[in-house]
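# attaching a predicted model along with its sequence, questions to come.
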Amino acid sequence: MILAKIHVTLKKSVLDPQGVAISEALHSMGYPHVESARLGKYLELRLDDRGRSKNELQAQVKDMCERLLANTVIEHYEFELQAIPS
């Protein structure tokens, strides 16, 4: 079994209004040292790796990210694959 850990964030060139709201709220709560905040999403997928190479699994996760999990026009994604001990 393989665990795919996927992080999706807005590209740096895209305005993040939720991040701005978080940063402003933290300032009002007494944390003026917070310079900025960016919001993203984190996903974990458990993958059956029987009969599949690591390269094949990486290609499949990349395809999932590009077709469904991330809007690649405005978002950046990265992932890692990790073996789950049986």
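Good, I have the coordinates.
# run through the helices of the protein in chain order.
Under the criterion DSSP state H, helices of the chain are mapped to 17-28, 54-64.
# for Leu26, see how far away the residue nearest to Lys62 when sequence neighbours are not counted is.
Nearest residue to Lys62, sequence neighbours excluded (Cβ to Cβ, 6 or more residues apart in numbering): Phe79, at 7.7 Å. The C-beta positions use only the backbone N, C-alpha and C, and glycine is treated the same way. Computed as Cβ to Cβ, to the nearest Å, the Phe79 to Leu26 distance reads 28 Å.
# more neighbours: those two, which one.
Set Phe79 next to Leu26 and count neighbours by other Cβ atoms under 10 Å: Phe79 wins out with 19 against 14.
# I figured the more buried one hits His7, correct?
Yes - between Phe79 and His7 a contact is recorded at 7.2 Å, counting by Cβ atoms under 8 Å.
# put together CSV for the helices of the chain, with distance to Met1 on each row.
Formatted as CSV, these follow (distance: least, Cβ to Cβ, whole Å):
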stretch, distance to Met1
helix 17-28, 33
helix 54-64, 11
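# hmm, what's the outermost residue in this structure?
Ranked by distance from the centre of the chain (Cα atoms, centre = their mean), the top residue is Gly30, with 28.5 Å.
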